[in-house]
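Peer 1: Here is my input, please return the structure:
(2 chains)
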Amino acid sequence: MFRQSKRRVANRRNFGDQVSRTPGKFILNGITSEEEKQLYQSLYESKLSFYEVPPKGEITLEQFELWAIDRLKVLLEIESCVQRNKTAKEIEIIVKPLLQKLLPFTTEDLQDRKKDYYSHFILRLCFCRSKELREKFIRSETMLLKLRFNMMTSRDQAKFVQTLNLPFLQFISDEEKEQLSTQLYQTISSSLQFQLNLTDETARRQYFEQEKFIKLPFESVIELVGARQVFIKKGYAYLPQFQQLNHIANEFANMLSLALTKTYQTIPRLNEDDRLLPILHHLSTGYTITNFQQHDQFGQASQGEINAKSVYSSAIQENFPLCAKNLMSGLKENHHLRYQGRQQLSFFLKGIGMDVDEALQFWSDAFTSGGQMTQEKFNKEYRYNFRHNYGLEGNRINYKPWDCRTILSRPRPSRGEYHGCPYRDWNVDKLTLELSQGMSLNPSQVTSVLDSVQRTEYTIACTKVFEMTHGGSANTEINDQSHIAHPNLYYERSRQLQKKAGAAIK
Amino acid sequence: MTTSVAQTSESKPGNGPSTSDMQYYYQYLYPFKPIFTWLNHSPKPGRDMINRELAMAFRSGAYKRYNSFDSVQEFKNQIQRANPDRFEIGAIYNKPPRNMDSILKAEMKPLEKEVVFDIDMDDYDSYRTCCSGASVCSKCWKFISLAMKVINVALVEDFGYEDFIWVFSGRRGAHCWVSDKRSRLLSDIQRRSVLDYMNVVRERNLDKRLNLKRPYHPHLTRSLDILKPYFVEIILREQDPWRDDDMAFGSLLTGLHDKNLIEVLKRYWKSNPRRSSEQKWSDIDALAASQLKHPSSSKKTDFFNKLHECKEDLVLATLYPKLDVEVTKQTIHLLKAPFCIHPATGNVCVPINETFIPSNAPKLIELQREMEANGNKVENTSLQPFLDQFQQFVNQVTRKELASAKREREDDVDSQF
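Peer 2: Predicted coordinates:
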């Protein structure tokens, strides 16, 4: 799309368009032109856009960058909320002010609409480069769409749905609804209670009587199927109208996913490298800043200090987050870890700077020291696994240490397993004991951590623990005080503080 | 692959079939043609088999991925020549997997695969007292039969799938293969969600209450209705897991909602140790009625409703199918092919239904004996009924595929005019 617009610019230049208007004037004209106004009027007929047609107008480089940054700020906040396991409602409360400031959408203002439209497409260019970026972008854009949809009046919502022209939007007949009424009501009654706040049974009944149901292939609302929030029969899902947003969001995500792949394929042909690409590059690296990037920041510094022996030292181990401590003690106890545990710990250790030779030494010592496993058995059955983790076998992928989201999305540990997140997987008694005795937190601190755990905010619980065990948030000025969503970030931050404290004493 | 590691560490050499037994089996008995046709969805070799990954696992623990075969003959020849302990079935890719080395990894894309479910007896060990570990008997196999029953109904009624088959895993589990076109097309995310829908008992940790949302989703209501009649017989009488007082404290009491009731029961069972599961199950209601004070009759009704719900959750916690989640989640996941020989037991992994018990499974050693006795006639061996059953299933799959292909062609023609 950019190639096209650029060519058009070139055309105009070559054929002397600038004779009639100076470049600056041209842009100003562009903004107020009646034609453009009408275009956005139709695009935003229902205040919300599905971004189906790429923009073809002209904007300044400054707008290009600023608009993209503003949208990026919103998306980053959304992403961070998602990472912190916030519910949709909480996200709305957090993001709403930001949205109104940076990307207002309920106004009729042309400039706002243009900004919204362009910024979306500019970010598409930034985040189409890798699967990871694409997925993140789709996740937060879809969330943004959902948030905005929920902020609209029901009249605007209906209007929006009408403009979409989605397939499969057929309502079931009254007879069919009557026939399935028991199952349908059974399925949606808790959603009615919690999503629409209908606490009263008769109110729910009444709502149900009025509600229309859409019948569509279950694949289209697969998240609801997974959460068992929709009734399915013979391959069809029966979606109440108040949940249609899920379906819409799904369609949007699919559309966006296809579009991003297409953009990715065409980007090498973007005949442009000095003006836009640096901006795009800059923006897309900014997006991963919340991620932990140990190779750039810490990799060299800690090289060599972690080896098969030193990893057991208390100077190192006291910097481990609880999940890693848990794995280490499980390993010590059993002289073995099951697959998930091996992976989690092995990647963590890799992340803190243990190289492959040391890792093999470490694991083979740990596995064979119990006397139950011979070196030969280790070599035969596990060596490959650990070499694979370092990208030396098979696919040769240089795996990254797992972040908290990965850990939390993996299967939970069953008996005799130690992977996962202790804040989620341990029962309250065990966790309380560890917090109060193992980490010597005072009772009110323990309660505060357990509160977060109760609200399933495990990374926040972990961040709290970090702050409590490292002299409060006042002491963490080395890095920003953003919350910890990566075990290795926990380690590195703790280790830095430790080194700093050590240096101060000297 | 980790699967191969886990398998080999358990199998003891000497018990299972020898390499020459396997050679014999592949040469004379293994039904290559029906397997090929089934995976290919048509007798004529097409993309679904030519681009299909098969992996071979060897005695040494080696595991060879990315094999693919263009014809039945090649399929048979290659397997015979390599003579693996077992082989596994993977996804259909956009290119033949055997060309893996000559194409970029990023260009190999998994497109389709049957949806598979895997149930393993291990996951029932907490409630299984008749056997433990690798062994299995007709009593504990009931867990698997019931799981099949529950999953079958859900596949047909909820997802509208029709063409699926259960296969004995050779020792203590079962695999379900769903061949419907719509199921084969599911993406990884969709597979995961279908799995989440099916997988009710996610926590294998016993000390956490299931605490399922009320009212139950219709799938849970129906599953509970199926399982309830078996609960007394299988759990309370036959397996009797809560006769062990520690187990009762650890997995029965933790399923209840009320602290006082748990205290009362704990005291009672401590002073009356080793009461049977059935007694303990009725103790719950009895003591709740006699020992606890309820401030009002409506509070009392609430309390017993909640208690009843806890008991329903417990029925599901013990009997609802416990799935091995990893197998279902990914399109590219590999699963042992039907009719393979289990390397440790020598059992043939035959297609099964709800009435099957593990001792019904033909063993390779017996088959070899039967073949010797009847002059090498496969149709006279005890394998034949299973071959017939499988062939019938394959016919059903190919018929459907043909019909849908025809419909598509007609639609195309229609749209042209």
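Peer 1: What ranges in the stretch 151-300 of chain A fall below the confidence cut-off?
Peer 2: For the stretch 151-300 of chain A, applying pLDDT under 70 flags the ranges A:167-169, A:271-273, A:285-300.
Peer 1: For it, what lies in contact range of chain B?
Peer 2: The stretch 151-300 of chain A comes close to chain B at residues A:182-183, A:186-187, A:189-190, A:218-219, A:222-223, A:225-229, A:231-236, as judged by Cβ under 8 Å from any Cβ of the partner chain. Yep, even glycine has a C-beta here, placed from its N, CA and C like the rest.
Peer 1: Same question for chain A.
Peer 2: Within chain A, the positions near chain B by Cβ under 8 Å from any Cβ are A:182-183, A:186-187, A:189-190, A:218-219, A:222-223, A:225-229, A:231-236, A:339, A:380-382, A:385, A:395, A:411-415, A:425, A:427.
Peer 1: Buried only: go through the residues you listed for me.
Peer 2: Neighbour counting with 16 or more other Cβ atoms under 10 Å in any protein chain shown marks A:183, A:186-187, A:189-190, A:218-219, A:222-223, A:225-226, A:228-229, A:231-233, A:235-236, A:339, A:381-382, A:385, A:411-414, A:425 as buried within the residues of chain A next to chain B.
Peer 1: among those residues, which are in helices?
Peer 2: A:183, A:186-187, A:189-190, A:222-223, A:225-226, A:339, A:381, A:385, A:425 (DSSP state H).
Peer 1: what's the farthest-apart pair in the residues you listed?
Peer 2: A:189 and A:381 (50.9 Å; Cβ to Cβ).
Peer 1: got the contact list for residue 400?
Peer 2: No chain was given, so I picked chain A. Neighbouring residues of residue A:400 by Cβ atoms under 8 Å, 6 or more residues apart in numbering or on different chains: A:347, A:351.
Peer 1: The chain in question should be chain B.
Peer 2: Contacts for residue B:400 (Cβ under 8 Å, 6+ apart) come out as B:162-163, B:180-181.
Peer 1: Looking at those, which are in helices?
Peer 2: Using DSSP H, the subset of these located in helices is residue B:181.
Peer 1: Which one of the contacts of residue B:400 is nearest to chain A?
Peer 2: residue B:180 (8.9 Å; Cβ to the nearest Cβ).
Peer 1: Which residue lies closest in space to the closest one, excluding its sequence neighbours?
Peer 2: residue B:161 (4.6 Å; Cβ to Cβ, 6 or more residues apart in numbering or on different chains).
Peer 1: ok, that neighbour touching residue B:183?
Peer 2: Yes. At 5.7 Å, residue B:161 counts as touching residue B:183 under the criterion of Cβ atoms under 8 Å.
Peer 1: Can you list the buried residues in the helix or strand hosting residue A:358?
Peer 2: Assigning secondary structure by DSSP states H and E places residue A:358 in helix A:356-368. Going by neighbour count (16+ other Cβ under 10 Å), the buried part of helix A:356-368 is A:358-360, A:362-364, A:366-368.
Peer 1: Which one of those residues is nearest to chain B?
Peer 2: For these, the minimum distance to chain B (Cβ to the nearest Cβ) is 12.5 Å, reached by residue A:367.
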